[in-house]
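S.K.: everything below, folded, please.
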Amino acid sequence: MRIKRLNGMFTVATQVDLAKIGKIAETGYKAIVCNRPDGEGADQPGFEEMSKIARDLGLRTVYTPIALTGATEKDHAAFARVLEDMPKPILAY
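M.R.: So this is what the prediction gives:
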């Protein structure tokens, strides 16, 4: 999992490794945003599996999948609402 902090409140990452969700919580993140559609890759756990582990560790989660064909205006609006509403800092993948 590669992580790139964009600023103090928002970080992006490659596919979240389920074994590292505890470290994500320990590092101080408050929320995880999943932008990967379920089933996109063979190595990818589903959102529900990731979300359960994260919630058990006190993280909020949200599923806002973006298709490989690109983000639509509706996707942009939904993501903007997520960024506004979710506790910070946020890790998105």
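
S.K.: helix, strand or coil for the most centrally placed residue in the chain?
M.R.: Residue closest to the average C-alpha location in the chain (CA atoms, centre = their mean): residue 33, at 2.5 Å. Counting by DSSP: H, G, I helix; E, B strand; the rest coil, the backbone at residue 33 sits in strand.

S.K.: surely it touches residue 88?
M.R.: No. In this structure residue 33 lies outside contact range of residue 88 using CB atoms under 8 Å: 11.3 Å. From N, CA and C alone the C-beta is placed, and that goes for glycine too.

S.K.: which neighbours do these two have in common?
M.R.: Common neighbours of residue 33 and residue 88, counting by CB atoms under 8 Å, 6 or more residues apart in numbering, are absent.

S.K.: what is the neighbour count of the residue lying closest to residue 39 once chain neighbours are set aside?
M.R.: Excluding its sequence neighbours, the residue lying closest to residue 39 (CB to CB, 6 or more residues apart in numbering) is residue 46, at 7.7 Å. Neighbours of residue 46 under the rule other CB atoms under 10 Å: 13.

S.K.: begin at 17 from now on, thanks
M.R.: Got it, first residue is 17 now, which makes that one residue 62.

S.K.: quick check: residue 62 touching residue 54?
M.R.: Yes. Assessed by CB under 8 Å, residue 62 is found in contact with residue 54 at 4.8 Å.

S.K.: so what's residue 45 up against?
M.R.: Counting by CB under 8 Å, 6+ apart, residue 45 touches 27, 75, 105-107.

S.K.: give me the pLDDT value at it.
M.R.: Looking at residue 45, its pLDDT reads 98.

S.K.: check the secondary structure at it for me.
M.R.: Per three-state DSSP, residue 45 ends up coil.

S.K.: thank you, goodbye.
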